[in-house]
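Peer 1: pasting a predicted model and its sequence here:
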Amino acid sequence: MLQAISLSKNYQGNIALDNLNLQVKPGEVFCLLGQNGAGKTTTINLFLGFIAPTSGKVLINNSEVRPGAADTRKYLAYIPEVVMLYGNLSAIDNLDYFSRLAGFIYDKNHLSGFLSQCGLQMDAHQKHLAGFSKGMRQKVGIAIALAKNADVILMDEPTSGLDPKATDEFTELVKKLGSQGKSILMATHDIFNAVNVGTHIGIMRKGQLIHTLNASDINANDLQKLYLQTI
């Protein structure tokens, strides 16, 4: 579903991404590790079509991503570090609003079902998001991805600031999405979570993808050593 081919991005002579090649197939969770400035967020933004590549191609479902184009965006859901939702609306109203924007109309029972699938307690469905924790907001964000029937989910530091319990709940949700055949690309600093949730792990440095690993072939301690050697 997701493919970067010889992908590069320069900003006024500064190289943000340098000849990136990667592929994320249905059912895979690809975790990108790297320091700030390594190129993780630039990669996510290129797949989202927020920016145009300097050279190379970005493909989603074999269609080339172009800034502002809607034909590839229909496949996507995006979960940033801070999920931007309406605090003065309830969880179910936020879900209803964003589902309608994507062209999907559900009754209240279906909307509540999506939220429950994502682990949000029933008594929180009608509460305003202004009082939600980050973990609860992330669950609403994933519910929106489910309601949009998105085949591809892009995540940028989704576990940053989550407590251990919320991180564990989020990890299980991501694994579930992968088992449903979603293609997931996640930029993260969390080495332990990358091993736990990922099927594949990439380590980036200065815009280059230095290592690509099968998560099942490495443990967290060895990944940390490799990461520190790489950066």
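Peer 2: The structure has been received and is ready for your questions. Numbering: from 1, shown residues only.

Peer 1: could you use CA atoms for every contact and neighbour count after this?
Peer 2: Fine.

Peer 1: element containing residue 45?
Peer 2: helix 40-48 (DSSP states H and E).

Peer 1: list the buried residues for the following helix or strand past that helix?
Peer 2: Using DSSP H and E, the helix or strand that follows helix 40-48 towards the C-terminus is strand 55-60. Neighbour counts over strand 55-60 (16 or more other CA atoms under 10 Å) mark 56, 57, 58, 59, 60 as buried.

Peer 1: ok, the last one - contacts?
Peer 2: Residues touching residue 60, when contacts are defined by CA atoms under 8 Å, 6 or more residues apart in numbering, comprise 1, 2, 3, 47, 72, 75.

Peer 1: try 10 Å this time
Peer 2: Applying CA atoms under 10 Å, 6 or more residues apart in numbering, we find residue 60 in contact with 1-4, 23-24, 47-48, 71-73, 75-76, 151-152.

Peer 1: return a PyMOL selection command for the buried portion of those.
Peer 2: Filtering those down to the buried ones (16+ other CA under 10 Å) takes a single PyMOL command:
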select buried, resi 1+2+3+4+24+47+48+72+73+75+76+151+152
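
Peer 1: domain-wise, how is this structure divided?
Peer 2: Annotated domains of the chain cover 2-75+151-230, 87-148 [automatic domain parsing].

Peer 1: looking at those domains, spot the one closest to residue 81.
Peer 2: Closest to residue 81 of the domains of the chain, according to CA to CA: domain 2-75+151-230, at 4.8 Å.

Peer 1: determine how far the last residue of the closest one lies from the first.
Peer 2: End-to-end distance for domain 2-75+151-230, by CA to CA, to the nearest Å: 25 Å.

Peer 1: now the helices: where do they sit in this protein?
Peer 2: Remark: helices assigned in the chain by DSSP state H are 40-48, 70-73, 91-101, 108-117, 134-147, 164-179, 191-197, 220-230.

Peer 1: lowest mean pLDDT across the ones you listed, which one is that?
Peer 2: When mean pLDDT is averaged over each of the helices of the chain, helix 70-73 scores lowest at a mean of 78.

Peer 1: buried set for stretch 69-87?
Peer 2: For stretch 69-87, burial by neighbour count (16+ other CA under 10 Å) applies to 72, 73, 75, 76, 77, 78, 79, 80, 81, 82, 83, 85.
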